[in-house]
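J.: Give me the fold of what follows.
(2 chains)
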Amino acid sequence: MEKLSGKTALVTGASRGIGRASALALAKAGAQVLVHYGSGAKEAEAVVAEISKAGGRADAVAADLSAPDGAHKLARQARAVVGERLDILVANAGISKAATIEEMTAEDFDKLFAVNVRAPFFLVQQLLPILGSGSSVVLLSSLAAHAVVGTLSAYAATKGAIDALVKHFASVLGERGIRVNAVAPGVVATDMSSFTKTDAGRNFTLSMQALKRLAQPDDIGGVVAFLASDDARWITGDTIRVDGGSKL
Amino acid sequence: MSNPVVLITGALTGIGRATAIAFAKEGARLVVAGRHDDAGQQLTTELRALGAEAEFIRADVRHEDEVRDLVDRTVARFGRLDVAVNNAATEGQVGPITDQTAQSFAATFETNVLGVVLSMKHEVRAMQAQGSGSIINISSTYGHEGAAGASIYVGAKHAVEGITKSVALEIAKSGIRVNAVAPGPTDTGMLTRFTGTAENRAALARQVPLGRFGLSEEVADGIVFIASDEARFITGHVLNVDGGHSAN
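T.: Residues are numbered from 1 along each chain as shown, chains lettered A, B, ... in the order given. Just a heads-up that it's a prediction; the model follows:
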């Protein structure tokens, strides 16, 4: 069903994991997708190829979102490709760092906030001229923002920041018809998750969840595609928890 | 699942009615429940005109015998029960706490909470037997916020959210997802009765970031999503469909 036919979308961190699954879901629904990557050029090109092969339109675009002007540069590149209208922004690119309170360094702390909070904030800011009525912004939150899972205090703080931004952005941008929501996955079987790579991590995850299986990126991508669509046209300011019923 | 069997309580007006129509357009087989035979027959005629198999069963959710009968007759008619939308509710007697009585309390809680509990009890029974299913309880923005002059209704909707999460936890191992959809101010008869005056209506609409009330169809789209395969990793969640009202 081509619910997103004719729409343009930018997905950051789309070379793998949840970003890749989101890009594929949006393309399958008919959107033209800009596949952003930081360093995974080959993987990003593979996503573009997969979308093209299925009859869709996609381009890869690189930007270092840890840099202070990374979001600004990406926004300029995006405008060069999609022109005057961006329908969908999925600010997915993010990093994680497991560290105890004692272990955390200022450098790692700053980098977490730079990629996970500053970049999405300034992407929204810089893309506002081409976001308009009916546009949908999806940010990535996390179960970690409200439940203590692992030694992820600094990472969790970045996701708590996202939850706050969703509300403020939605409240202010609502009058322009721009919707802003977040998806909050729990543990997902991606490269970024260390939990899913050990038996102990997997067992912990399953014991925490009501649903007794590990989430795959596709379990998240479908929710992102819903939020991007007109089926969610009255949903804004909300964080959808996609965590198999974790820490209810 | 291509032709899910969907049961909706309080299906004859407002959000329930819009939900029945939305599911019919998706190819579902429907049992619509309510307390008015004429309206029930009218709705089933409309649903069948959309190409859906549909039945009306008269049921008052406050009475366990009628709820048990409703679920059993649904399974007898269609062989299974895939989705249950517990929507039947009343706004009760809106007014300050000093006006409330044991009767006004009971009237609201009987329909809005006991009705949901009895419905879930028998829906779970049917779904456990088949090892799958999705239950959606209708809450409200006021299921997690306060509202002056509506403390009893607010209390009842808070109860619905707590019960939703608890049953989600206990029932996940049976393959059943349990979620709630929390509509914001939606343009229905209940909203008219709730607000009372034109000034109150206008003031409430101004509090919504998207600047207007929602349509029943827009809430129905959220319900259809939560019931769908795209939401397969979502359980124990309360989905806000409220134009950003609760984010404000």
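
J.: So for chain A, the centremost residue is which one?
T.: residue A:92 (2.1 Å; C-alpha atoms, centre = their mean).

J.: I meant to write chain B there.
T.: In chain B, the centroid-proximal residue (C-alpha atoms, centre = their mean) is residue B:87; its distance is 2.1 Å.

J.: okay but that one is in contact with residue B:7, surely?
T.: No: with contact defined as C-beta atoms under 8 Å, residue B:87 does not count as touching residue B:7 (10.2 Å). The C-beta positions use only the backbone N, C-alpha and C, and glycine is treated the same way.

J.: which bits of chain B sit near chain A?
T.: Contact residues, chain B versus chain A (C-beta under 8 Å from any C-beta of the partner chain): B:165-166, B:168-169, B:172-173, B:177, B:184, B:208-211, B:214-215, B:218-219, B:221-222, B:224-225, B:229-237, B:239-248.

J.: ok, now which ones touch the nearest residue to residue B:50 once chain neighbours are set aside?
T.: Distances taken as C-beta to C-beta, 6 or more residues apart in numbering or on different chains put residue B:24 closest to residue B:50, at 4.5 Å, once the chain neighbours are dropped. By C-beta atoms under 8 Å, 6 or more residues apart in numbering or on different chains, residue B:24 lies in contact with B:30, B:47, B:50-52, B:54.

J.: what two of those residues are the furthest from one another?
T.: Largest separation among the contacts of residue B:24 by C-beta to C-beta: B:30 and B:51, giving 11.3 Å.

J.: Could you pull out the helices in chain A for me?
T.: For chain A, the helices defined by DSSP state H cover A:17-28, A:41-53, A:70-82, A:106-113, A:119-127, A:153-173, A:199-208, A:217-228.

J.: Residues contacting the lowest-mean-pLDDT helix or strand in chain B, please?
T.: Within chain B, no helix or strand scores below helix B:189-195, which has a mean of 88 by mean pLDDT, DSSP states H and E. The contact list for helix B:189-195 (C-beta under 8 Å, 6+ apart) reads B:13-14, B:89, B:91, B:94, B:150, B:185, B:201, B:204, B:213.

J.: quick revisit: neighbour-wise, which of residue B:30 and residue B:51 wins?
T.: Neighbours per residue (other C-beta atoms under 10 Å in any protein chain shown) separate residue B:30 from residue B:51, with residue B:30 holding more: 28 against 10.

J.: Quick check: which helices or strands does the helix or strand where the more buried one lies pack against?
T.: For residue B:30, the host element (DSSP states H and E) is strand B:29-34. Applying 3 or more C-beta pairs under 8 Å, 6 or more residues apart in numbering or on different chains; DSSP states H and E, one finds that strand B:29-34 contacts strand B:5-8, helix B:14-25, helix B:37-49, strand B:54-58, helix B:64-78.

J.: so residue B:108 touches residue B:154, yeah?
T.: No: here residue B:108 does not reach residue B:154: they are 9.8 Å apart, not a contact under C-beta under 8 Å.

J.: Compare these two (neighbour count), which wins?
T.: Taking neighbours as other C-beta under 10 Å, residue B:108 and residue B:154 compare with residue B:108 leading, 25 against 20.

J.: Contacts only, for the more buried one.
T.: Residues in contact with residue B:108 (C-beta under 8 Å, 6+ apart) are B:90-93, B:152-153, B:156.

J.: Return the subset of these lying in helices.
T.: Short answer: the contacts of residue B:108 in helices (DSSP H) are B:152-153, B:156.

J.: So which of those residues is the closest to residue A:194?
T.: Among these, and counting by C-beta to C-beta, the member closest to residue A:194 is residue B:156, at 43.0 Å.

J.: and that closest one, how many residues sit next to it?
T.: Residue B:156 has 28 nearby residues by other C-beta under 10 Å.

J.: Do you know the pLDDT at the residue lying closest to it once chain neighbours are set aside?
T.: Nearest residue to residue B:156 in three dimensions, chain neighbours excluded: residue B:112, at 3.9 Å (C-beta to C-beta, 6+ apart). The score at residue B:112 is 98. That number is its pLDDT.

J.: Which one of the ones in helices among the contacts of residue B:108 is nearest to residue A:122?
T.: Nearest member of the ones in helices among the contacts of residue B:108 to residue A:122, counting by C-beta to C-beta, is residue B:153, at 41.9 Å.
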